[in-house]
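**Student:** return atomic coordinates for the entry below.
(chains A and B)
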Number of protein chains: 2
Amino acid sequence: MGIRVNGKLIVETYRDEIKNIIKDGVDRGLRAPSIKTILVGSDGGSLSYVRSQNNLCNKLGISYACTQLEQDISQKDIIDIIEKFNEDNSVDGIIIQLPLPKNLNEKEITSKISYKKDIDGLTDVNMGRFYKGDKSFIPCTALGVIEMIKNTGCNIKGKHAVVIGRSNIVGKPVAQLLLNEDATVTICHSKTTNLKEVCKTADIIVAAIGKPGFVTSEFIKKGAIVIDVGTTMIDDKITGDVNFDDVINHASFVTPVPGGTGLMTTTMLIKNACASWRDNVY
Amino acid sequence: MGIRVNGKLIVETYRDEIKNIIKDGVDRGLRAPSIKTILVGSDGGSLSYVRSQNNLCNKLGISYACTQLEQDISQKDIIDIIEKFNEDNSVDGIIIQLPLPKNLNEKEITSKISYKKDIDGLTDVNMGRFYKGDKSFIPCTALGVIEMIKNTGCNIKGKHAVVIGRSNIVGKPVAQLLLNEDATVTICHSKTTNLKEVCKTADIIVAAIGKPGFVTSEFIKKGAIVIDVGTTMIDDKITGDVNFDDVINHASFVTPVPGGTGLMTTTMLIKNACASWRDNVY
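**Tutor:** Residues are numbered from 1 along each chain as shown, chains lettered A, B, ... in the order given. All right, here's what the predicted structure looks like:
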């Protein structure tokens, strides 16, 4: 029987660490880290996300301010606001709440964030720097996945990791991060012909395909680590890609959904903001 | 016995295609494609590279002009030249001959090329766009590898491709391009523990590690396609990563060195320039 990874516990450790780093800086007389977020309109999901980011920032000693804009704001006006934040030395991170209304060009707008303040790691420049191996911000969910794997005590170097899914914000960056840790990495997806057999050779499996309960014990080599990034809503319940009760009997570690990787994302965002702040104030 | 891929023949086909596309445009009264290259100092390798680019461009009807600068040119002066080329609507592609002298900041300089004229595909923005799946220029050697695989008649979709090596200009972009073609992709490297066994499961192997003759028949599944991107100089002879005479008995196709992927790089660069030109003039 494998171990159910306790996402809450891991997240608490990271938050304590971040809190201490900030406290240390502020005790030395430095300003607190500062995040600016831009919200267009009043989408329910975005509003609740802003609220939870705000609560976490308050707890950790980070200044968090949301600029809420009218649904019909122009492309130019929103870019002007971003550029003001880019130039403001007291701003460490800029977050655009997505999706934006259809009348706005989302790609152009997000690309205007300075890569030095792009704590979501989504701009072209940041992605380019990341894949080249230069200093960059890394998409937060992917970062959370790697931290969870490390937290099991696993030495990733030389391990065979299989990533199921190839999205820009999870599959691809997770594969790159595992490669950076010297894993041998296989990327699988809907067109993979022998998925079960490939997974069966993996020491580490990361499932990010959005197919509830898809990964069963038949995919798992005895003792593998299984990270579930699935977040499909079924009857108002968030459901992962891994059949947890089945897989836990074969794997060494499995992250549950909810209570697993999902908890890490906002904390990794804050971690990125904190790194930006350290670059700016020290 | 497998087939020795005839790089020269493939390259000729691409060149004829490019030539016809340009001729068609010029016959309609459009200006010819134009490449500007910047060479600092008089490094022998770079000079010979510029010469061969120039010859090829002449043959295909492309205007190619080299700005040769003194070894001690300042960072600012070289950036000014790049920005002038960025703004010039009659320039389709900009190439900086690398390496630059040590007193110059190569990363900063190359990053100044507009991603729309970065036909080498090396800027952060281009890399970011490439890995996100947006329109971009792709590093030329990687592009040449994929074209060679397609040229065998192989349908890449669903195949297992193993890439040995993870450099920014070959291994990583080749893996991404294979993924774009719906292959299941495994990236191996010096820390991979069971390389032979992994390669033995591959339908396509791309070797880009710089270890002469490293890949032998023991790595090869019967009928696999083997692409050799190795270019190590031994006694003034260019030598690949694949033991050709051994591997050809097991593989379906093998690219030789010399006479294989190396021939493709400059042609892919010209292909990128031609794509930029079409965007600019049509």
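**Student:** C-alpha from now on. contacts and neighbour counts both.
**Tutor:** Noted.
**Student:** I'd say residue A:123 and residue A:110 touch.
**Tutor:** Yes. Checked against CA atoms under 8 Å, the pair residue A:123 and residue A:110 is within contact range at 6.4 Å.
**Student:** so between these two, which is more surrounded?
**Tutor:** residue A:123 (26 against 20; other CA atoms under 10 Å in any protein chain shown).
**Student:** who's in contact with that one?
**Tutor:** Each residue near residue A:123 by CA atoms under 8 Å, 6 or more residues apart in numbering or on different chains is listed here: A:110, A:111, A:113, A:115, B:128.
**Student:** got phi/psi on it?
**Tutor:** phi -70, psi 160 (degrees, to the nearest 10).
**Student:** pull out the buried positions in the longest helix anywhere in chain A.
**Tutor:** Using DSSP state H, we find that the single longest helix of chain A is helix A:7-27. By 16 or more other CA atoms under 10 Å in any protein chain shown, the buried positions in helix A:7-27 come out as A:7, A:10, A:11, A:14, A:15, A:18, A:19, A:21, A:22, A:23, A:25.
**Student:** list the contacts of the first one.
**Tutor:** It refers to residue A:7. The neighbours of residue A:7, taking CA under 8 Å, 6+ apart as the test, are A:148, A:255, A:259, A:260, A:261, A:263, A:264.
**Student:** where along chain A do the strands fall?
**Tutor:** A:3-4, A:34-40, A:63-69, A:93-96, A:160-164, A:184-188, A:204-207, A:225-228, A:232-234, A:237-239, A:253-254 (DSSP state E).
**Student:** can you put these in CSV and add distance to residue B:172?
**Tutor:** As requested, these are exported to CSV (distance: least, CA to CA, whole Å):
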stretch, distance to residue B:172
strand A:3-4, 34
strand A:34-40, 33
strand A:63-69, 37
strand A:93-96, 29
strand A:160-164, 16
strand A:184-188, 12
strand A:204-207, 20
strand A:225-228, 24
strand A:232-234, 31
strand A:237-239, 33
strand A:253-254, 29
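**Student:** nearest to chain B among these would be which one?
**Tutor:** strand A:184-188 (4.0 Å; CA to the nearest CA).
**Student:** ok now that closest one, how far from the chain's centre?
**Tutor:** From the chain centre to the centre of strand A:184-188 is a distance of 19 Å (CA atoms, centre = their mean, to the nearest Å).
**Student:** cool, stretch A:262-269 as well?
**Tutor:** 6 Å.
**Student:** other residues contacting it?
**Tutor:** Outside of stretch A:262-269, the residues within contact range by CA under 8 Å, 6+ apart are A:7-8, A:11, A:14-15, A:53, A:119-120, A:140-141, A:143-145, A:229.
**Student:** next one: stretch A:196-213
**Tutor:** A:159-166, A:170-171, A:189, A:215, A:218-221, A:223-232, A:239-244.
**Student:** and that stretch, what's buried?
**Tutor:** A:198-210, A:212-213.
**Student:** pLDDT below threshold where in chain A?
**Tutor:** Within chain A, not a single segment meets pLDDT under 70.
**Student:** dump the residue contacts of residue A:192.
**Tutor:** Applying CA under 8 Å, 6+ apart, the residues near residue A:192 are B:158, B:159, B:182, B:183, B:184.
**Student:** as TSV, those with neighbour count and distance to residue B:83 would be great.
**Tutor:** Shown next, in TSV, are these (neighbours: other CA atoms under 10 Å in any protein chain shown; distance: CA to CA, whole Å):
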residue	neighbour count	distance to residue B:83
B:158	20	43
B:159	21	43
B:182	20	38
B:183	27	39
B:184	30	41
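**Student:** need the max-distance pair from the residues you listed.
**Tutor:** The largest separation in the contacts of residue A:192, counting by CA to CA, is between B:159 and B:182 at 7.8 Å.
**Student:** now the closest residue to residue A:212 other than its chain neighbours: how far from residue A:190?
**Tutor:** In space, and not counting its chain neighbours, residue A:212 is closest to residue A:241: 4.4 Å by CA to CA, 6 or more residues apart in numbering or on different chains. Residue A:241 sits at a distance of 14 Å from residue A:190 (criterion: CA to CA, to the nearest Å).
**Student:** how about residue A:151?
**Tutor:** For residue A:151, the distance to residue A:190 (CA to CA) stands at 29 Å.
**Student:** get me the contact residues on the stretch 151-282 of chain A for chain B.
**Tutor:** A:157-159, A:168, A:179, A:182-189, A:191-193 (CA under 8 Å from any CA of the partner chain).
**Student:** and which of these is nearest residue B:33?
**Tutor:** When those are compared against residue B:33 (criterion: CA to CA), the nearest one is residue A:168, at 33.5 Å.
**Student:** could you count how many residues lie near that closest one?
**Tutor:** 16.
**Student:** in this structure it contacts residue B:132, no?
**Tutor:** Yes. Shown here, residue A:168 and residue B:132 form a contact pair, counting by CA under 8 Å, at 5.8 Å.
**Student:** comparing residue A:241 and residue A:190, which residue is more hemmed in?
**Tutor:** residue A:241 (25 against 13).
**Student:** quick check: the more buried one vs chain B, distance?
**Tutor:** Separation of residue A:241 from chain B (CA to the nearest CA, to the nearest Å): 19 Å.
**Student:** I figured that residue hits residue A:226, correct?
**Tutor:** No. Using CA under 8 Å, residue A:241 is not in contact with residue A:226; the gap is 10.5 Å.
**Student:** which residues touch the closest residue to residue A:94 other than its chain neighbours?
**Tutor:** Spatial nearest neighbour of residue A:94, excluding adjacent residues (CA to CA, 6+ apart): residue A:36 at 5.0 Å. Taking CA under 8 Å, 6+ apart, we find residue A:36 in contact with A:64, A:65, A:66, A:67, A:85, A:91, A:93, A:94, A:95.
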